[in-house]
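1. prediction below, plus the sequence it came from.
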Amino acid sequence: WTTLVQTTRILSHRFFFKKLQCLRRPGAVETTRIEAVYCSVSVLGCMFRNVALLQRAFVLLYSVMHFAPRLLTSRVLFCPTLISAQRIKPLCVPATRTRAVFRPFPAPPPVQVLFAAQEATVSSKATPQVTAHRPMAWRSHGHDNDGLVEALTANGIISNPRVKEAMLSVERAHFAADQRDAYQDHPHGIGYGVTMSAPHMHAHCLEVLEPVLHEGASVLDVGSGTGYLTACMGHMVGAQGKAYGIDHVPELVASGIANIEKSADTKQMLTEGRVVFVTGDGRLGLEEFAPFDAIHVGAASPEMPDMLKRQLKVGGRLVVPVGRGEQWIMQIDRTGENTWTEEPLMGVRYVPLCDLKSQLRGA
């Protein structure tokens with residue numbers, strides 16, 4: 001037991017803050033159930049320092065694993081404070097109480113996670129102000145495409161009828177690399193060092209872009225991957241619109257074309273030229289077909305993508321994850337010839353937007 005106590009302290013000291021990076025702000029959604037369980041166990045490991053309490057902690061482990069999703073959506077503030085290199089004294093208090101106990105509330109709002117590290121250097125960079133968002137982490141599973149979309153609707157992620165119609169019309173299983181994951185609300189690998197985003201992220205991006213995905217709109221999907229979101233946007237812009245998907249992996253471009261041909265409805269969009277897939281560096285946009293009413297980026301740009309911003313029409317909208325460590329989904333609207341507005345929407349975890357060589361090196 002003494003060895004377990006020491007080991008737990010070391011692991012918690014080294015990895016606790018790193019593993020909770022994705023939960024640092026309200027509305028953060030891109031975390032896995034495994035990370036959720038690890039975070040809960042790390043909290044317990046920090047809290048219990050002697051053999052008797054550690055024994056109780058392991059008795060509670062099963063409960064923590066079973067109820068981790070509920071804990072993560074509870075009104076609890078995790079406030080671990082690093083006192084010294086030898087000793088950790090975390091505080092764990094509910095949002096509306098001062099007593100140090102876990103107490104999940106019914107029908108909770110999004111999780112709020114705060115950090116206080118006394119030895120950390122405080123950055124002078126201002127923290128983005130984020131408006132409240134619906135909780136949508138990993139709950140909207142289905143047994144088929146209709147069930148998945150209905151779950152997304154029931155959980156409040158899909159609210160616009162046009163978004164719902166588009167996702168019902170495009171069969172997700174046709175674009176999934178692994179059929180077992182087609183209707184599960186989590187991202188899954190598609191090879192070449194990239195992933196297909198979780199259904200709730202696809203739905204959220206379509207909801208944000210819906211005002212500019214009107215009939216006849218011209219849209220660009222950067223990092224189109226297997227082509228799912230490009231097909232959804234193609235459905236929303238109608239017969240007079242254009243949806244361009246760009247990816248720098250030729251095999252993924254070929255995959256997108258093959259996937260969209262699996263259904264008669266989506267194949268018609270390809271035949272009509274409403275959906276077009278292009279091989280190229282999406283970081284540079286698609287200048288020959290610019291400007292666009294909407295641009296979606298499916299990977300995290302390390303900096304604000306100025307070239308993509310300038311390929312928007314006035315009144316157009318760009319949705320892009322931005323950041324190296326801490327990532328934010330940014331909504332960028334072009335309001336004039338040389339003016340844009342930027343709004344952070346939520347904290348996320350995306351693969352980096354990089355050159356092909358770096359991407360394949362990390363695959």
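-> Happy to help now that I have it. Numbers count the residues shown, from 1 in each chain.

2. where do the strands sit along the stretch 251-363 of the chain?
-> 275-279, 292-297, 312-322, 327-336, 339-348 (DSSP state E, counting those that start in this stretch).

3. where does the protein dip in pLDDT?
-> 1-138, 362-363 (pLDDT under 70).

4. which SS state does residue 139 fall under?
-> coil (DSSP: H, G, I helix; E, B strand; the rest coil).

5. look up how far residue 245 lies from the closest residue to residue 194 other than its chain neighbours.
-> Excluding its sequence neighbours, the residue lying closest to residue 194 (Cβ to Cβ, 6 or more residues apart in numbering) is residue 351, at 5.3 Å. C-beta here means a position set from N, CA and C on the backbone, and glycine is covered the same way. Distance, residue 351 to residue 245, by Cβ to Cβ, to the nearest Å: 17 Å.

6. and those two? Which one has more around it.
-> residue 245 (32 against 18; other Cβ atoms under 10 Å).

7. now do the SS call for the more buried one.
-> strand.

8. got a list of what the closest residue to it other than its chain neighbours touches?
-> In space, and not counting its chain neighbours, residue 245 is closest to residue 224: 3.0 Å by Cβ to Cβ, 6+ apart. Contact analysis of residue 224 by Cβ atoms under 8 Å, 6 or more residues apart in numbering lists 230, 245-247, 252-253, 256, 277, 298.

9. repeat the analysis, applying 10 Å as the threshold.
-> By Cβ atoms under 10 Å, 6 or more residues apart in numbering, the residues touching residue 224 are 230-231, 233, 243-247, 249, 252-253, 255-256, 275, 277-278, 282, 296, 298.

10. one more: residue 248?
-> 192, 222-223, 278-284, 354-357, 359-360.

11. return the distance of it relative to residue 359.
-> From residue 248 to residue 359 the distance is 8 Å (Cβ to Cβ).

12. common neighbours of those two, please.
-> 192, 223.

13. so residue 176 sits against residue 227, correct?
-> No: applying Cβ atoms under 10 Å as the test, residue 176 and residue 227 come out as separate, 11.1 Å apart.

14. in terms of neighbours, single out the busier of those two.
-> Neighbours were counted for residue 176 and for residue 227 using other Cβ under 10 Å; residue 227 has more, 30 against 19.

15. quick check: closest non-adjacent residue to the more buried one.
-> residue 256 (3.0 Å).

16. looking at the strands of the stretch 251-363 of the chain, which is closest to residue 141?
-> Proximity to residue 141, assessed across these by Cβ to Cβ, is greatest for strand 339-348 (19.6 Å).

17. and the angle from that closest one to strand 327-336?
-> 160 degrees (axes from the mean of the first three to the mean of the last three Cα atoms, to 10 degrees).

18. which helices and strands sit right next to strand 339-348?
-> Packing partners of strand 339-348 (3 or more Cβ pairs under 10 Å, 6 or more residues apart in numbering; DSSP states H and E): helix 199-209, helix 306-309, strand 312-322, strand 327-336.

19. circling back: out of the strands of the stretch 251-363 of the chain, indicate the one that is most buried.
-> strand 292-297 (a mean of 26; mean count of other Cβ atoms under 10 Å).

20. re earlier: what sits in contact with each of residue 176 and residue 227?
-> Overlap of the contact sets of residue 176 and residue 227 (by Cβ under 10 Å, 6+ apart) consists of 196, 259.

21. can you redo the helices and strands packed on strand 339-348 as CSV with distance to residue 159?
-> Formatted as CSV, the helices and strands packed on strand 339-348 follow (distance: least, Cβ to Cβ, whole Å):
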stretch, distance to residue 159
helix 199-209, 7
helix 306-309, 27
strand 312-322, 17
strand 327-336, 16
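
22. distance of residue 210 relative to residue 219?
-> 11 Å.

23. same question for residue 267.
-> Relative to residue 219, and taking Cβ to Cβ, residue 267 is found at 19 Å.

24. the two - which one has more neighbours?
-> residue 219 (25 against 14).

25. next up, the contacts around residue 162.
-> Residue 162 neighbours (Cβ under 10 Å, 6+ apart): 206-207, 210, 213-214, 235-236.

26. tell me the buried residues in the helix or strand where it lies?
-> For residue 162, the host element (DSSP states H and E) is helix 161-169. Using 16 or more other Cβ atoms under 10 Å as the test for burial, helix 161-169 gives 163-164, 166-169.

27. and the helices in the stretch 151-300 of the chain?
-> With helices called from DSSP state H, counting those that start in this stretch, the stretch 151-300 of the chain shows them at 161-169, 199-209, 228-237, 250-260, 264-272.

28. adding distance to residue 345, write those helices out as a markdown table.
-> Converted to a markdown table, the helices of the stretch 151-300 of the chain look like this (distance: least, Cβ to Cβ, whole Å):
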| stretch | distance to residue 345 |
| --- | --- |
| helix 161-169 | 16 |
| helix 199-209 | 7 |
| helix 228-237 | 16 |
| helix 250-260 | 26 |
| helix 264-272 | 28 |
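
29. so which of the ones you listed is nearest residue 181?
-> Here helix 199-209 is closest among the helices of the stretch 151-300 of the chain (Cβ to Cβ), at 10.2 Å.

30. what's the angle from the closest one to strand 339-348?
-> 160 degrees.

31. sorry, back to before: which of the buried residues of helix 161-169 sits closest to residue 323?
-> Using Cβ to Cβ, the buried residues of helix 161-169 come closest to residue 323 at residue 163, 25.7 Å.

32. for residue 300, see how far away the closest one is.
-> Remark: distance between residue 163 and residue 300 (Cβ to Cβ) = 23 Å.

33. that'll do, ta.
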